[in-house]
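K.L.:
Show me how the following folds:
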Amino acid sequence: MRDEKWVLGLGELLWDCFPDRELPGGAPANFAFHAAQLGCRAAVLSRVGADRRGNELAALLENGGVVTSYVQRDVAHPTGIVEVDTSRPDQPRFTILPDAAWDFMEWTPQWQTVGRDAAAVCFGTLAQRSPTSRDTIRRLLSSVADHALAVYDVNLRQNFFDRAVIEESLRLCHAVKLNEEESATLTELLELGPCYPREFAARLQDRYGVCAVCITRGANGCLLIEGDQIADEPGIAVKVADAVGAGDAFTAAWVFARLRGRTLAEQARFANRVGALIASRPGGMPVVKNELRDLTNEFFA
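P.N.:
Predicted coordinates:
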């Protein structure tokens, strides 16, 4: 049975265009898709064009159990697309085209209502590249209930970020997830000074009020830090199809375990397993509902 409270992916919804195929993507959408596969009542809050690509995205998400009634339609701007280079499967590179529909997300009473009934909201940096969507994202985050979990999945892409956006996002979140490369970028950009991961997390907690910090390390696992607690989970050997969406699935699993009151070590272990599973499959939204059910039974029985 699904949870009654919403788990929301807030931000970009788009097509990842590989050399040989197009697959649905966008970090918040990937997050919501995998949250739905895990059994959450998940929805995407985004905007697509009034076009074929938008229709197909909505249908794919709905087939995956994601509620799409909060996805807005834009008659003036097309559904977003991203060119994906997977010449290095473990480190995909993205070319993100401008003026996509998700750059123009609007604040609506419907979004306000679903935000107030959310257990968790996951957002990132990319969808804040435009003033319109940035304002909408901040209004949504400001409207959620005090008990809701706001997760900032940093996801730095191209040059679509700056210090002001990152700092405001950190102030609005309870938990932040980023990879090793992003932690190095933030260390320099935010002038945190030389620091190891634990000191990095402590400085984010002290300066911005972040409760939990997660640093993913690809094949080397992950590091979760919350207050004085630390979970250092090693990697899982897996044949990587491509790493697109693996981090988003990790975040969905982390939120899933955290909402169920699991220990930091259990959160890290479960999220690691889910992230590795998705890395072994192509695209950001592979259908692995049965495998995730088995993993959930293993960890939460």
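K.L.:
can you pull out the strands in the stretch 101-250 of the chain?
P.N.:
118-123, 149-153, 175-179, 212-216, 222-226, 229-233 (DSSP state E, counting those that start in this stretch).
K.L.:
just those strands: most buried one?
P.N.:
Using mean count of other CB atoms under 10 Å, the stretch among these with the largest mean neighbour count is strand 118-123, at a mean of 26. C-beta: built from backbone N, CA, C; applies to glycine.
K.L.:
Strand 175-179 and that one, what's the angle between them?
P.N.:
Angle of strand 118-123 versus strand 175-179, following axes from the mean of the first three to the mean of the last three CA atoms, to 10 degrees, is 30 degrees.
K.L.:
who's in contact with the closest residue to W254 other than its chain neighbours?
P.N.:
Distances taken as CB to CB, 6 or more residues apart in numbering place A271 nearest to W254, at 4.1 Å, with adjacent residues excluded. Residues in contact with A271 (CB atoms under 8 Å, 6 or more residues apart in numbering) are C214, C222, F250, T251, A253, W254, A257.
K.L.:
just K289 next, same as before
P.N.:
Contacts for K289 (CB under 8 Å, 6+ apart) come out as Q37, G65.
K.L.:
Kindly export the helix or strand harbouring A42 (C-alpha atoms) in PDB.
P.N.:
Assessed by DSSP states H and E, A42 sits inside strand 41-45. C-alpha atoms of strand 41-45 as PDB (Å, rounded to 0.1, in the frame of the first residue of the first chain):
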ATOM      1  CA  ARG A  41       2.800   8.200  -3.700                       C
ATOM      2  CA  ALA A  42       5.000  10.200  -6.100                       C
ATOM      3  CA  ALA A  43       4.300  13.100  -8.400                       C
ATOM      4  CA  VAL A  44       6.400  15.300 -10.700                       C
ATOM      5  CA  LEU A  45       6.000  19.100 -10.600                       C
END
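K.L.:
buried ones in stretch 73-88?
P.N.:
Buried residues in stretch 73-88, counted by 16 or more other CB atoms under 10 Å: D74, H77, P78, T79, G80, I81, V82, V84, T86.
K.L.:
packing partners for the helix or strand bottoming out on mean pLDDT in the chain?
P.N.:
When the helices and strands of the chain are scored by mean pLDDT, DSSP states H and E, strand 93-96 comes last with a mean of 85. Packing partners of strand 93-96 (3 or more CB pairs under 8 Å, 6 or more residues apart in numbering; DSSP states H and E): strand 80-85.
K.L.:
The strand it packs on pairs with which strands, parallel or anti?
P.N.:
Partners of strand 80-85 in the sheet, by DSSP bridges, are strand 14-17 (parallel), strand 93-96 (antiparallel).
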